[in-house]
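Engineer: I would like the atomic coordinates for the input below:
(chains A and B)
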Amino acid sequence: MNSHIKSDSNMKYALVDGALGHTGSFLVKHLVKNGWYVVATDLKPSSRKRVMTKERLFHTDLKTLDCRDWDNVKFLYSDLIDKKSLVKVFKSLKSTNNRNRFDIVFHPASLYDYGASYELLHEVNYNGLRNLLDVMIDHSEKINTKIPRFIHLSTCGVYGEPIYQKDKHGFIYPADEKTPYNPPNNYSQTKVEQEKLIIEYSKKNPDLNYTILRPAPIYGPYQTYGMFHIFYSAYIMGHFILPKIFPKKKKLMMPMIHVEDLVDSAIYLAEDDRSIGEVYNIINNSPLQESFLEFIYNELDTTFSVWPMHWSLFKIFAKFNYILAKYAAKKAKKKGIRPKFDLPMVKYLTHQYYFSNQKIKQLGFKFKYDDFKKGVYETILWYKNHGWLPALEHRLPEYINTTAKPGKTYKSEYRTPMKGGEIF
Amino acid sequence: MGFVCSIFLISFFGFISHYWYRKYGLAKGKLAWISYYLLIVIGFILLLDLLIYLGLLDFLIPLFNYFPWINIDNGKDFMWNSFIIFGIDWNISYNDSGLYYFAILNFLSYPVWFMFFKDLSRKFFGGNKHRPYQKGISYLITSPSRNDNTDKNGIKIPEKA
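Structural biologist: Below is the predicted model of the structure:
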């Protein structure tokens, strides 16, 4: 565990938990780049392997952005459900940096796994957050300082499939942050519980300045669960169907956020006091699902059949897929292994998700990857270059010579049959 | 075997072609396997049907007519009304002159049916020779395999000393 400290008096101090995870690791990277000092925490490798079974789903050679040896990063192992380990984290700054408190606590750590049981999700996500808040508030009271600013990462999944407002032609408007909760699965349910817990704590402790971020499905390099399912499956299948749904007002949207935009927005909101006590959807401009699929099929060399489909037929098609996935999940359970697709993921097939990002844009934040093509192209390229998507094999047959030999020289010059032909 | 049965069989063999190709051909680098497979399936069924249609196997018809519900006149009748074996008589009058051209079209369509279902098979089971990692749409419905050196949670089992 190294911590190379290059501190100065203006340096800000942040705590990032879940720092070996996808969002956490990018967050640490961007904070350090912006001149912050970061105490990063995550589970011990043995515990992580036990809890994060989703990471070995595709048998890919997983690497994470490992922040343990970076400059201006102090890495500590801790567990949200172990209060003692959290107390150590809050005391750690005193010993190395002679500083009492963190300026900001980022909380991207959570168990994001649709296959996990509600009990486990509740234990890690809800009880874990409660422990973190308890320890953070207790520590601040003990040393008699302000409670650190708290940035919590939730999910757009807390809305479920909202009831959208429509224009006179029946086209929907994107849902904003005031949309009521309607979590469709256990994971989203625990995220709702987390948000309610933070609001409850802030009422008890008015000094708790929190901001809640609700990111759409996250994609980007190193991402291994959720969006990676789409990229990997499309690539490995080699051929798929591109349903073009009609009527137009029923076309599905593709909500997503590039991980770099997410962490940049988290840092931006953390530094802007106008965001205190507010909730923000963190989402790039949504393309149509069919545009997204067509783009990734082309990028992944996946051939596809375009099927114009009425919405009602698409729903039947999706239901059929759900039954197949249910059967596959049952079979996998019998074998004692994880299914390729967790059932809540398959349920998303027919759900319309269209969320507004106007609130954060009005604060002045600009997304780098609002054009999904840039982010998706870079992500696919990263997956290919790092072997997360199997490489193409263009093996030449044995009878083809591959060793270079100098070409023969001809006795007579060859002229092209064109007028005044060039001499080669 | 009858036009309907033959087209059904050819389609079936075409559809499972890439399954066999992946299982036995591609994995062992026998890239020509699917061509042999095509020749065997089409060649055998086409030859057999031509022999039946031209009446060269008519001597076998009394064997079928032994069953009370079967009443086949000759090879042509069998080719058009082959489901009579299962008790379904479509009563197609095989002597109509128009059916002669239709029969030629049917014979010519055998490779087309095969190729159509072979292509569908490639999309379903994978089998692009330049992209052997592709598993086709069947990837969605097959259950995942567990690595031998991992336990049920996917955690690597330490090797025994």
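
Engineer: Just give the closest residue to residue B:61, not the sequence neighbours.
Structural biologist: Leaving aside its chain neighbours, residue B:61 sits nearest to residue B:72 (5.2 Å; criterion: CB to CB, 6 or more residues apart in numbering or on different chains). C-betas here are computed from N, CA, C, even on glycine.

Engineer: neighbours of the one you found, just the number please.
Structural biologist: By other CB atoms under 10 Å in any protein chain shown, 19 other residues sit near residue B:72.

Engineer: What distance do you get for it to residue A:263?
Structural biologist: 77 Å (CB to CB, to the nearest Å).

Engineer: again, but for residue A:12
Structural biologist: 15 Å.

Engineer: What does residue A:242 show for phi and psi?
Structural biologist: Per-residue torsions, residue A:242: phi -110, psi 100 (degrees, to the nearest 10).

Engineer: That one pairs with what?
Structural biologist: Note on residue A:242: beta-bridge partners by DSSP bridges are residue A:306.

Engineer: quick one, what contacts it?
Structural biologist: By CB atoms under 8 Å, 6 or more residues apart in numbering or on different chains, the residues touching residue A:242 are A:290, A:293-294, A:297, A:304-307.

Engineer: ChimeraX command for the buried members of the residues you listed?
Structural biologist: Here is the ChimeraX selection string for the buried members of those, based on 16 or more other CB atoms under 10 Å in any protein chain shown:
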select /A:290,293,294,297,304
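
Engineer: For the chain, name the helix or strand with the lowest mean pLDDT.
Structural biologist: Looking at chain A here, since you left the chain open. Lowest by mean pLDDT, DSSP states H and E among the helices and strands of chain A is helix A:45-51, with a mean of 79.

Engineer: let's do chain B instead
Structural biologist: Lowest-scoring helix/strand for chain B, mean pLDDT, DSSP H and E: helix B:61-65, at a mean of 84.

Engineer: contacting residues around it?
Structural biologist: Identification of contacts with helix B:61-65 by CB under 8 Å, 6+ apart yields B:70-75, B:78, B:85.

Engineer: Which of the residues you listed has the largest number of neighbours?
Structural biologist: The residue in the contacts of helix B:61-65 with the most neighbours, by other CB under 10 Å, is residue B:78 (25 neighbours).

Engineer: Which single residue in chain B comes nearest to chain A?
Structural biologist: Nearest to chain A in chain B, going by CB to the nearest CB, is residue B:134, at a distance of 3.2 Å.

Engineer: Skipping adjacent residues, who's closest to that residue in space?
Structural biologist: Counting by CB to CB, 6+ apart, the residue nearest residue B:134 is residue A:238, at 3.2 Å.

Engineer: wouldn't that neighbour be in contact with residue B:135 here?
Structural biologist: Yes: with contacts counted by CB atoms under 8 Å, residue A:238 reaches residue B:135, the gap being 7.3 Å.

Engineer: any shared contact partners between these two?
Structural biologist: Shared contacts of residue A:238 and residue B:135, counting by CB under 8 Å, 6+ apart, come down to residue B:126.

Engineer: Pull the contacting residues for the residue nearest to residue B:61.
Structural biologist: Neighbours of residue B:72 in contact, by CB under 8 Å, 6+ apart: B:61, B:64-65, B:78, B:81, B:84.

Engineer: How many residues are close by the closest residue to residue A:173 other than its chain neighbours?
Structural biologist: Nearest residue to residue A:173, sequence neighbours excluded (CB to CB, 6+ apart): residue A:165, at 4.8 Å. Neighbourhood size, residue A:165 [other CB under 10 Å]: 11.

Engineer: what's the answer for residue A:216, then?
Structural biologist: Around residue A:216 there are 22 residues (other CB under 10 Å).

Engineer: what about it, distance to residue A:191?
Structural biologist: Distance from residue A:216 to residue A:191, by CB to CB: 13 Å.

Engineer: Apart from its chain neighbours, what residue comes closest to residue B:84?
Structural biologist: residue B:70 (5.6 Å).

Engineer: Let me know the pLDDT of that neighbour.
Structural biologist: Residue B:70 carries a pLDDT score of 81 in this model.

Engineer: Which secondary structure state does it sit in?
Structural biologist: For residue B:70, the secondary-structure state derived from DSSP: H, G, I helix; E, B strand; the rest coil is coil.

Engineer: which residues touch it?
Structural biologist: By CB under 8 Å, 6+ apart, the neighbours of residue B:70 are B:64, B:84-85.

Engineer: residue ranges of the helices in chain A, please?
Structural biologist: Along chain A, the segments classed as helices by DSSP state H run A:22-33, A:45-51, A:83-97, A:118-121, A:128-143, A:186-204, A:227-237, A:259-270, A:289-299, A:311-335, A:343-347, A:358-362, A:372-385.

Engineer: I'd like the distance from the longest one to the chain centre, please.
Structural biologist: A distance of 25 Å separates the centroid of the chain from that of helix A:311-335, by CA atoms, centre = their mean, to the nearest Å.

Engineer: other SSEs contacting it?
Structural biologist: Contacts defined by 3 or more CB pairs under 8 Å, 6 or more residues apart in numbering or on different chains; DSSP states H and E place helix A:311-335 against strand A:239-246, helix A:343-347.

Engineer: would you turn those into a markdown table with mean pLDDT?
Structural biologist: Listed next are the helices and strands packed on helix A:311-335 as a markdown table, based on pLDDT from 0 to 100:
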| stretch | mean pLDDT |
| --- | --- |
| strand A:239-246 | 91 |
| helix A:343-347 | 84 |
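
Engineer: Which of these sits closest to residue B:33?
Structural biologist: Closest to residue B:33 of the helices and strands packed on helix A:311-335 is strand A:239-246 (CB to CB; 20.7 Å).

Engineer: okay if I get the helices of chain A as JSON lines plus distance to residue B:16?
Structural biologist: Output for the helices of chain A, formatted as JSON lines (distance: least, CB to CB, whole Å):
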{"stretch": "helix A:22-33", "distance to residue B:16": "41"}
{"stretch": "helix A:45-51", "distance to residue B:16": "40"}
{"stretch": "helix A:83-97", "distance to residue B:16": "56"}
{"stretch": "helix A:118-121", "distance to residue B:16": "42"}
{"stretch": "helix A:128-143", "distance to residue B:16": "51"}
{"stretch": "helix A:186-204", "distance to residue B:16": "40"}
{"stretch": "helix A:227-237", "distance to residue B:16": "18"}
{"stretch": "helix A:259-270", "distance to residue B:16": "43"}
{"stretch": "helix A:289-299", "distance to residue B:16": "26"}
{"stretch": "helix A:311-335", "distance to residue B:16": "19"}
{"stretch": "helix A:343-347", "distance to residue B:16": "27"}
{"stretch": "helix A:358-362", "distance to residue B:16": "53"}
{"stretch": "helix A:372-385", "distance to residue B:16": "32"}
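
Engineer: mean pLDDT for those: which is lowest?
Structural biologist: Across the helices of chain A, helix A:45-51 gives the lowest mean pLDDT, at a mean of 79.
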